[in-house]
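**Student:** Need the 3D shape of this:
(2 chains, ligands or ions: 3)
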Amino acid sequence: MADVYNWQLGRTIPYPYPEAHPQKQFAAVFNINRCIGCQTCTGACKATWTFSRGQEYMWWNNVESKPYGGYPQHWDIKILEMLDAAQQKTGKPAQWDTTQTDAKKPYGTYNGLTIFEANDPTQQALGYIPNDAEWRAPNFYEDTSTAYKGDNLGISTEGASLPEHQTWFFYLQRLCNHCTYPGCLAACPRKAVYKRPEDGIVLIDQSRCRGYKKCVEACPYKKSMFRGTTRTSEKCVACYPRVEGNDPLSEGVPMETRCMAVCPGKIRMNGLVDIAQDGSWVESPQHPLYHLVKVEKIALPLYPQLGTEPNIYYIPPRWAPRAYLHQMFGPGVDQALERYAAPSRETLAVLQLFRASQKMVFRYEIQEGPLVHEMQIKGKPWQMYNDTVIGFDSKGREIARLPVVEPIHERPKERLNSI
Amino acid sequence: MLKQKILILCALLTLAALLLWFKIPVASSQGPTLIAARVTDALPSQDLNSALWQQATALEIPLSAQTVTRPMLLETNVKAVTARALYNDQQLAVLVEWADATDNSQMVRIQDFRDAVALQFPIVEGLPFVCMGQQGVNVNIWHWKADWQQDLVAWQDMNSVYPNMNVDSYPFAEGQNPAPSDYTDANYVPAYELGNLMATPHKSSVEDLTAGGFGTLTSQPLDAQNVQGHGEWNNNQWRVIFTRNLTSAETEDINFAEGKMYSLAFAAWDGANNERNGQKSTSEWISLQIGKPAPVTKVTTADTITATPPSPQEIAIPLGLIVVPLVLVILVRTLMGKDEEPSE
Ligand code: SF4
Ligand code: SF4
Ligand code: SF4
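**Tutor:** Ligands and ions are numbered 1, 2, ... in the order given. The predicted model follows:
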C-alpha cells in the first residue's frame, strides 16, 4: 500500500500502487441542467462497442433518473450503505472540513472513509458484485419523480419554483470515470487493468483478463462489466481510437468520444487536460475544462467520497434538494450552483463551446462583444455580453466560433408554413 | 484473526528457515507422500469408477484458506482433498476428490463462479514459495475448471442460462446464437481475437499454466496445452482426474520419471462461495513419488538429477536464501499493516 494524494478529497489515501500520473487525462464536463434524457449517448455507445453476443446487458454509457433510477439498480445507494456501515464502526461521522480550501484541496478535506479504507483486509477495496437481475432493465424508474406532497391527485396547484423543487428528478449521465485511482485497477490481482500514460484512459487487457470479476466488484461506479461469452470483463474504452486521433474523421487530432459527440442536449464537453507529475492539473486557464472545473469550480466530481478521483465532472441540477446534491457531488455544490445561475462573462462564453465541434477543444479565446442584457439575479445585478468564443484543436487550428447570443433567422412571411 | 494467521505463517516460515540454516533437511522430511502406483493397463483417464484406482493408496491432504496476499479468504470451505495417483509407461494420472455441496459449473452469468481444483509442480530444483511460485522459480499449474468440463459437452453460452432471451440480431456474426468463433470480425470479441483461453473453445477441461510469483499466472499457448481432465460431481462430491504424458517437450512443463520424487501442492475453489484467484484453499508442499522409491534424496524434476544426491547443506543454503528474505518481507509488512501485493 502506498499513500497517494487525492485532490478531490484534499488528503492522501492508501492505494495498492504508488502515484504515477499520465501526461494527459481524459476528462469531461456534463451539464445535468441541459440533459433531455434522450439516451442518444447510450445508443451511440451501444451501436459502436457493445452490440455483440454476451454484451446484451452492457451499457457502458447510461442515463439514469435520480433519485430512484440506477444501472445496475441502486448501485450508489448500495455502495454508500456499505461505506456508511464501515464508517459507523469507527464511531466518527464522515465529514467534510471546508474551513480551509486552496488549490490543492478546492473542496476542503474529507475525513470519512473511502473504498480503499473501508474494505475488509482480505480485499483491496470495498465493493460488491451486482447480480444479473440488477443489471437488467436499466430504465427502471426512468422519468420517475419524487411524490408531490400535498395533493392526493399528485398534481401541484402552485407549480414548482427554485431554489428547490418539492417534486423532482434529474438525469444522471454515467460512463467510466477513467479514475485517477481506479478501484478496478487496484483490485485486479493480475494487473490486467491498466491506465494509459498518454491519456489516463483505463483499459482491461483482454489477453490477460481471466474473468475473476474483481474489477466488477471494486469499481464503485459499476462501470466494469462481465461478458459471459468470452468470460472476461469489459468496460468503456473511452473511444480511444477517436481520442488518439486515429478515427478517419478526426484528421489526426483528438476527437470527442461517441457518447459525447452525439448529444443533442449539448450537455457534454470532453477533452484531455495536462497533468503535472504530482497529479495536479497543469494551470491552463484557457482550457475549457480547466476553466469549468478548476477556475470556476462549477463542475464537480461524482461521489468524490468513494476515493477513486473520478474524471467526469458534473454541473449539478439547479432544482434538486441540496442535501441530496451534497451527498452526490460534495461540498462544492452551493458555490457551483450560485456561479452557474449567474455565470461570469467568461463562463457564459465557455458554455457555448459544448458540442460546437466533434474535435476536442484544447484552448479557447474570447472576443468581446456588446452588452445585450441587464437583469437582477438573486438581487444582484447581472450583465450579459454578446461575446464570441473561439475554440482551437490540439494543433491550434480554429474549430469553433460561436456568439453568446444565438443568431435568429426569420422565415419570410409568405413562407411561414412551408417546409 | 487475519494478523494472527499471518503471524503463525511467519513463525512457521522462520522455523523452516532456522531448520534449514542448521542443516536439518526439511525437504526430505517435508509433508506426506503421495505414491503413484504402477499399472500396465491404459490409465482410467475418463473412468472415475475404474477398479485400477483401488491399486493406488489414497492420501488425504489438508487445505487451508489463502491468507498471504490479497484478495484472500478467511475461512475455507474445502478443508481437504483426497488424492490417488497411477502411472504406466507413458502417462501419469491423478484423481482428486473433495466434498462440495453444490455443483458450480457455469460461468456465463455475472454472479457465477466455478468450482475448480489445481495441481502445482515446481519445474526447477528447490521448493519455491507454495503460493504461485516466485520470481525465477516457476511452477507448472494444472487447473481443472468445472465450467470447462461442461463446455466440452456443449459450449455454454447466453442461451444456456437465458433460454428465452430475445435479441433482434448480432451484426458481423453468423447465425442466431453466434459463439465467439462465428464473428466475421473477431475484433468484436477481443478476448477471443487475442487468443485468451477463457474465450476460446477448449480441448480439455484442464488448463496448463506457468507462474513465477503473484500476478504472473500465464496460460501456456493453445498448442502447448497437454493435460487432459475429467471431472464429475455426484453426491456432494467432486471427483476429478488429471492425465498427462510422463514427459513433455515444453520447457515450462514438469517431466516425470519412474522412481523419482517430486513436489506437489493442491488448491481448490468453491464457486458457491465466490471463490476465484487468490480467494482459494491451498495445501502445503507434499511429495509425489512415482513408483518405488529410488535410493536418492528427493529432487524436484527429472531434468535435474545429479549423480550424487545433494547434501542437506546444498539444499539448505538456497532454500534459506529464499525463505529468510520472504519471512523478513512478510514480517515487515505485517508490522506495517495492510499492504500486500495483489495475488495470482
Ligand atoms: S469508473 Fe470504475 S471502471 Fe472506470 S476507472 Fe473508475 S473504478 Fe475503473
Ligand atoms: S466513451 Fe466511448 S466507449 Fe465510453 S461510454 Fe462513451 S461511447 Fe462508450
Ligand atoms: S445524449 Fe445528451 S441529452 Fe441525450 S440523454 Fe445523453 S447526455 Fe442527455
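**Student:** residue ranges with poor pLDDT in chain A?
**Tutor:** A:154, A:419 (pLDDT under 70).
**Student:** May I see the domains of it written out as residue ranges?
**Tutor:** A:2-145+A:165-341, A:345-403 (automatic domain parsing).
**Student:** is the last one anywhere near ligand 2?
**Tutor:** No: contact check for domain A:345-403 against ligand 2, using Cβ under 6 Å from any ligand atom: none in range, with a minimum separation of 12.4 Å. Bear in mind the C-beta positions are built from the backbone N, C-alpha and C, glycine included.
**Student:** returning to that earlier point: of all the domains of chain A, which lies closest to B:Gly229?
**Tutor:** domain A:2-145+A:165-341 (17.3 Å; Cβ to Cβ).
**Student:** the helices in chain A, which residues?
**Tutor:** Remark: helices assigned in chain A by DSSP state H are A:40-49, A:75-90, A:132-135, A:183-187, A:214-218, A:240-243, A:258-261, A:288-290, A:322-329, A:333-341, A:345-351.
**Student:** And those: which comes nearest ligand 3?
**Tutor:** Ranking these by proximity to ligand 3 (Cβ to the nearest ligand atom) places helix A:40-49 first, at 3.3 Å.
**Student:** Any buried residues in that closest one, and which?
**Tutor:** Of all the residues in helix A:40-49, those buried under the rule 16 or more other Cβ atoms under 10 Å in any protein chain shown are A:40-42, A:44-46, A:48-49.
**Student:** How about stretch B:70-89?
**Tutor:** Across stretch B:70-89, burial judged by 16+ other Cβ under 10 Å covers B:70-73, B:76-78, B:80-81, B:83-87.
**Student:** nearest to B:Pro128, of those?
**Tutor:** B:Met72 (19.2 Å).
**Student:** Next up, the contacts around the closest residue to the closest one other than its chain neighbours.
**Tutor:** Spatial nearest neighbour of B:Met72, excluding adjacent residues (Cβ to Cβ, 6 or more residues apart in numbering or on different chains): A:Thr122 at 4.5 Å. Residues in contact with A:Thr122 (Cβ atoms under 8 Å, 6 or more residues apart in numbering or on different chains) are B:2, B:67, B:70-74, B:279.
**Student:** Could you pull out the helices in the stretch 101-250 of chain B for me?
**Tutor:** Along the stretch 101-250 of chain B, the segments classed as helices by DSSP state H, counting those that start in this stretch run B:146-153, B:158-161, B:190-193.
**Student:** how distant is the second one from the center of its chain?
**Tutor:** Right, helix B:158-161. Distance, stretch centre to chain centre, for helix B:158-161: 29 Å (Cα atoms, centre = their mean, to the nearest Å).
**Student:** ok, residues contacting it?
**Tutor:** Residues outside helix B:158-161 that contact it (Cβ under 8 Å, 6+ apart): A:53-54, A:56, A:228-229, B:106, B:108-109, B:154, B:165, B:177.
**Student:** So how do I select the buried members of those residues in ChimeraX?
**Tutor:** Selection of buried members from the contacts of helix B:158-161 for ChimeraX, criterion 16+ other Cβ under 10 Å:
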select /A:53,54,56,228,229 /B:106,108,109
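**Student:** Quick one, grab the pLDDT at the residue in the stretch 51-200 of chain B that ligand 2 sits nearest to.
**Tutor:** Taking Cβ to the nearest ligand atom as the measure, the point where the stretch 51-200 of chain B comes nearest ligand 2 is B:Pro190, at 13.0 Å. pLDDT for B:Pro190: 95.
**Student:** wouldn't A:Met1 be in contact with A:Pro18 here?
**Tutor:** No: the criterion here is Cβ atoms under 8 Å, and A:Met1 misses it with A:Pro18 at 9.5 Å.
**Student:** of the two, who's got more company?
**Tutor:** A:Met1 (20 against 9; other Cβ atoms under 10 Å in any protein chain shown).
**Student:** Any regions of chain B where pLDDT drops low?
**Tutor:** Residues of chain B that meet the cut-off, pLDDT under 70, sit at B:1-30, B:293-344.
**Student:** beta partners for the residue positioned nearest the centre of it?
**Tutor:** Among the residues of chain B, B:Ala118 comes closest to the average C-alpha position under Cα atoms, centre = their mean, at 2.6 Å. Counting by DSSP bridges, B:Ala118 is bridged to B:His143, B:Ala267.
**Student:** before we move on, back to that, so can I have CSV of the buried residues of helix A:40-49 showing distance to chain B?
**Tutor:** Shown next, in CSV, are the buried residues of helix A:40-49 (distance: Cβ to the nearest Cβ, whole Å):
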residue, distance to chain B
A:Thr40, 19
A:Cys41, 20
A:Thr42, 17
A:Ala44, 15
A:Cys45, 14
A:Lys46, 11
A:Thr48, 11
A:Trp49, 9
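**Student:** Contacts only, for residue 224.
**Tutor:** Reading this off chain A. A:176, A:184, A:193, A:204, A:215-216, A:233-235.
**Student:** you looked at the wrong chain, it should be chain B
**Tutor:** Per Cβ under 8 Å, 6+ apart, neighbours of B:Ala224: B:208, B:250, B:252-253.
**Student:** and if we set it to 10 Å?
**Tutor:** With contact set as Cβ atoms under 10 Å, 6 or more residues apart in numbering or on different chains, B:Ala224 has these partners: B:208, B:210, B:248-253.
**Student:** PyMOL command for the buried members of the residues you listed?
**Tutor:** A single PyMOL command selects the buried members of these (16+ other Cβ under 10 Å):
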select buried, chain B and resi 208+210+248+250+252+253
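**Student:** from the contacts of B:Ala224, which is closest to ligand 2?
**Tutor:** The nearest one, if we look at these relative to ligand 2 and count by Cβ to the nearest ligand atom, is B:Thr210, at 33.4 Å.
**Student:** Please look at the closest one and B:Trp142 and confirm they touch.
**Tutor:** No: with contact defined as Cβ atoms under 10 Å, B:Thr210 does not count as touching B:Trp142 (11.0 Å).
**Student:** between the two, what contacts are shared?
**Tutor:** Jointly contacting B:Thr210 and B:Trp142 under the rule Cβ under 10 Å, 6+ apart are B:Asp253.
**Student:** what's the span of stretch A:404-413 from first residue to last?
**Tutor:** Start-to-end span of stretch A:404-413 (Cα to Cα, to the nearest Å) is 27 Å.
**Student:** Next to ligand 3, which bits of chain A? Give me the list.
**Tutor:** Selection of chain A residues close to ligand 3 by Cβ under 6 Å from any ligand atom yields A:35-41, A:63, A:171, A:173, A:263-265, A:267-268.
**Student:** What about those, which are in strands?
**Tutor:** A:63, A:171, A:173, A:268 (DSSP state E).
**Student:** partner residues bridging the most centrally placed residue in chain A?
**Tutor:** Closest to where the C-alpha atoms of chain A average out (Cα atoms, centre = their mean) is A:Ile312, at 2.9 Å. Bridge pairing for A:Ile312 (DSSP bridges) gives the partners A:Ala28.
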